[in-house]
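Novice: 3D, please:
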Amino acid sequence: MALTDVFLTLSEPEFAQLLGSVSMGKLKTYQIYDRIKTRTHLAKLNSENLQKAAPRLWTRLVDKEDEFAQDISQAVLVCHLDMIIAVLNFLGIPHEDGFFAKEIDATPYLTDGWQERVIEKFKGVYPDALVRFYTAHLAWELLPKKS
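Specialist: Okay, the predicted model is just below:
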């Protein structure tokens, strides 16, 4: 599964909702503001322009632009580290402030039904689209890739 496919598990309106949750301050804090501005082809990157660009950005995901998907996923995720920490804690995955070791073997933590358990646990706590995106992203990132 490509990272673009992780986004495509959502609908276009849900993707727009994710973009609406991106904080320009967090992008600057994590020093990815300029990269996201360049990657989105926006002359001025702000919440309003990002929202307006959502249909065009969605098309780029449909067109399987994986590097673009990587940057957009990073933008969304750094803006929701509180949720990431809560999910990783719930699953028992060792991490440091939401970041885990690159070579972690997560299979003992991601047992059958883990995504459904996470979605149920955080229903109403965080936006459903965000939780579903993160669980799909976590599976993409940590589970062995199927050939």
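Novice: Identify the spatial nearest neighbour of Phe68, chain neighbours not counted.
Specialist: Distance criterion CB to CB, 6 or more residues apart in numbering; nearest residue to Phe68, sequence neighbours excluded, is Arg60 at 5.2 Å. Where C-beta positions appear, they are placed from N, C-alpha and C, glycine not excepted.
Novice: what kind of secondary structure is the one you found in?
Specialist: Secondary structure, DSSP: H, G, I helix; E, B strand; the rest coil: Arg60 is helix.
Novice: and Phe100, what is it in contact with?
Specialist: For Phe100, the contact set (CB atoms under 8 Å, 6 or more residues apart in numbering) comprises Leu88, Ile93, Pro94, Ala106.
Novice: how about a cut-off of 10 Å?
Specialist: Ile84, Leu88, Ile93, Pro94, Ala106, Tyr109, Leu138, Glu141, Leu142 (CB atoms under 10 Å, 6 or more residues apart in numbering).
Novice: Report the buried residues of the longest helix seen in the chain.
Specialist: What stands out as the longest helix in the chain, according to DSSP state H, is helix 128-142. Residues of helix 128-142 classed as buried: 129-140, 142 (neighbour count, 16 or more other CB atoms under 10 Å).
Novice: now the strands for this structure?
Specialist: With DSSP state E, there are no strands along the chain.
Novice: Low-confidence bits of it, can you list those?
Specialist: Filtered on pLDDT under 70, the chain yields the residue ranges 145-147.
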